[in-house]
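Visitor: Using only what follows, build the 3D model:
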Amino acid sequence: MDVEMQPRAHLQRLAMRMSLIILLAAVTTPIATTPTAAAWVHRYKTEAAAQKHCPNDEIVWGSSRGTYYPKESHLYGKSRGGAYACAREAYAGGWRQDS
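Guide: Below you'll find the predicted structure:
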């Protein structure tokens, strides 16, 4: 009877391994495909458009590297590839302030 049970045990182990692989894939996929926090920060071509989106917030200039500059900065509105953004969104998105 043990000889007959061996193939069945092998199939059960195989089924358990496949279940574990599927479970791990389901758990890790959302982590791998979740956009970074910086990706959800709204970016605007004009300062006025950014101010319209967040009228009670300071507008900052965000570079493409996740750095933002306040209005007082000499780089405000000048770095290549940057955009205007709301300061609170930039901070919450993990952008760091530079002077």
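
Visitor: Low-confidence ranges, this protein, go.
Guide: Residue ranges of the chain with pLDDT under 70: 1-5, 7, 26-39, 99.

Visitor: Spell out the residue ranges of the strands in it.
Guide: 59-62, 67-69, 83-86, 96-97 (DSSP state E).

Visitor: Out of those strands, which is the most enclosed?
Guide: Of all the strands of the chain, strand 59-62 has the most neighbours on average by mean count of other Cβ atoms under 10 Å, namely a mean of 25. In short, each C-beta sits where N, CA and C put it, glycine included.

Visitor: for that one, packing partners?
Guide: Applying 3 or more Cβ pairs under 8 Å, 6 or more residues apart in numbering; DSSP states H and E, one finds that strand 59-62 makes contact with helix 47-53, strand 67-69, strand 83-86, helix 87-92.

Visitor: okay if I get these as CSV plus distance to W61?
Guide: Shown next, in CSV, are the helices and strands packed on strand 59-62 (distance: least, Cβ to Cβ, whole Å):
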stretch, distance to W61
helix 47-53, 9
strand 67-69, 5
strand 83-86, 6
helix 87-92, 9
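
Visitor: picking that back up, can you redo the strands of the chain as TSV with distance to T46?
Guide: Putting the strands of the chain into TSV (distance: least, Cβ to Cβ, whole Å) gives the following:
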stretch	distance to T46
strand 59-62	10
strand 67-69	16
strand 83-86	7
strand 96-97	21
